[in-house]
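Student: Fold the following, please.
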Amino acid sequence: MILPPFLKPHDTVGLISTSSFTHESYIQEVVKILESWKLKPVLGKTIGARHGSMAGSDTLRLKDLQGMLNNDDIKAIFQATGGYGIVRIIDQLDFSHFKYKPKWVVGYSDTTFLHNHLQGRLSTGSIHGTMAADLEAGYHATSWESLRKALFGEDLHYTVKPHPLNRLGTSDGILVGGTVSLLCNSKGTMSEVNSNGKILFLEEVGEKHFRLDSYLISLKHAGKFDYVRGLIVGELIDMEDDDPPFGKTPEEIILDAVKEYDFPVSFGFKAGHGQVNKALILGALVHLKVDAQGTTFSFET
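Tutor: Here you go, the predicted structure:
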């Protein structure tokens with residue numbers, strides 16, 4: 001797996017939205033944050049654009065992302081928001097230039113499709129991290145500082161409190177993953193997650209319990225857990241129980257889906273759609289340890 005070059009002060013970076021439209025007030029806040037890191041942000045044509053719920057037409061969003069992938073002056077591409085839209089354009093993207101001159105792509109949620117494509121098809125790392133839209137809930141230093149560390153190649157490691165459903169063990173593996181529903185929806189596409197021999201990260205937002213179970217069972221039937229080396233579970237936000245109740249919490253649903261496997265499982269990591277979204281370097285080698293004292297994991301870059 002190849003990791004793009006880490007950022008340096010005075011690098012130029014791009015800010016775009018290939019999914020839903022973005023409120024411009026948050027963009028100006030992100031510009032200030034990036035400038036405080038001594039970076040030079042450039043806004044794409046999708047910033048401020050709107051076509052229905054998306055940040056411009058498919059053509060505009062495709063052209064905006066393609067242009068930044070091909071522009072050697074742009075050293076990282078920041079997604080402004082998630083929502084929906086990448087799946088409509090991803091198979092039309094040309095990665096032939098990017099393949100030989102990779103750069104960091106940052107985002108989460110709908111960006112899961114793009115992350116999986118980069119890791120599975122191009123063996124290239126990317127960053128699951130906070131976005132402009134998250135500023136609607138306020139600035140959370142932990143999220144942005146962890147993203148800065150990941151982008152600039154500083155030491156990045158995490159400690160997570162013990163969770164009663166954790167499954168103990170140690171493992172090493174390349175980190176992949178993202179939003180459960182999108183991992184499920186990507187099955188059979190060019191952007192399907194390759195979890196074989198990997199440590200898998202999962203998070204989700206706004207799903208009913210039975211639907212979370214259906215996504216996980218579908219991934220299980222597709223063999224996505226068969227050769228996993230470890231599982232890190234992030235935030236499970238705004239999950240709704242069913243009527244009648246499904247009978248399991250979201251955490252219990254996940255643990256039940258992987259009950260016959262023996263890889264370590266860690267719950268409670270603050271990444272995903274919650275207020276705190278700590279950065280993860282997808283495509284990097286992770287050293288994972290889950291014991292009675294909690295979970296620790298670090299990235300080898």
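
Student: the helices in the chain, which residues?
Tutor: Along the chain, counting by DSSP state H, helices occupy 24-36, 58-70, 96-100, 112-122, 141-152, 180-185, 209-221, 250-257.

Student: Check the burial of the spatially closest residue to Leu255 that is not a sequence neighbour by counting its neighbours.
Tutor: Leaving aside its chain neighbours, Leu255 sits nearest to Leu165 (5.3 Å; criterion: C-beta to C-beta, 6 or more residues apart in numbering). C-beta: built from backbone N, CA, C; applies to glycine. Burial of Leu165 is recorded as 14 neighbouring residues (other C-beta atoms under 10 Å).

Student: repeat for Leu288
Tutor: 23.

Student: Who does the most centrally placed residue in the chain form a beta bridge with?
Tutor: The chain has His128 as the residue nearest its centroid, 3.2 Å off, counting by C-alpha atoms, centre = their mean. According to DSSP bridges, the residues that bridge with His128 are Gly107, Leu280.

Student: Give me the distance between Phe246 and Leu202.
Tutor: Going from Phe246 to Leu202 by C-beta to C-beta, to the nearest Å gives 18 Å.

Student: try Ile33
Tutor: Taking C-beta to C-beta, one finds Ile33 at 27 Å from Leu202.

Student: what does Gly177 give?
Tutor: 6 Å.

Student: which neighbours do those two share?
Tutor: Common neighbours of Gly177 and Leu202, using C-beta atoms under 8 Å, 6 or more residues apart in numbering, are 183, 232.

Student: Look at the two and report which has more neighbours.
Tutor: Gly177 (29 against 24).

Student: check contacts around the nearest residue to the more buried one once chain neighbours are set aside.
Tutor: Residue nearest to Gly177 in three dimensions, not counting chain neighbours: Phe201, with 3.4 Å by C-beta to C-beta, 6+ apart. If you count contacts by C-beta under 8 Å, 6+ apart, Phe201 has them with 128, 175-178, 231-234, 271, 280, 282.

Student: For Phe201, give the beta-bridge partners.
Tutor: Beta-bridge pairing for Phe201 (DSSP bridges): Gly177, Ile232.

Student: neighbours of Gly283, just the number please.
Tutor: Counted with other C-beta under 10 Å, Gly283 comes out at 26.

Student: right, I mislabeled it, should have said Leu62
Tutor: By other C-beta under 10 Å, neighbour count at Leu62 equals 19.

Student: and if you look at Ser25?
Tutor: Ser25: 10 neighbours (other C-beta under 10 Å).

Student: Could you tell me how far it is located from Gln275?
Tutor: Ser25 sits at a distance of 18 Å from Gln275 (criterion: C-beta to C-beta).
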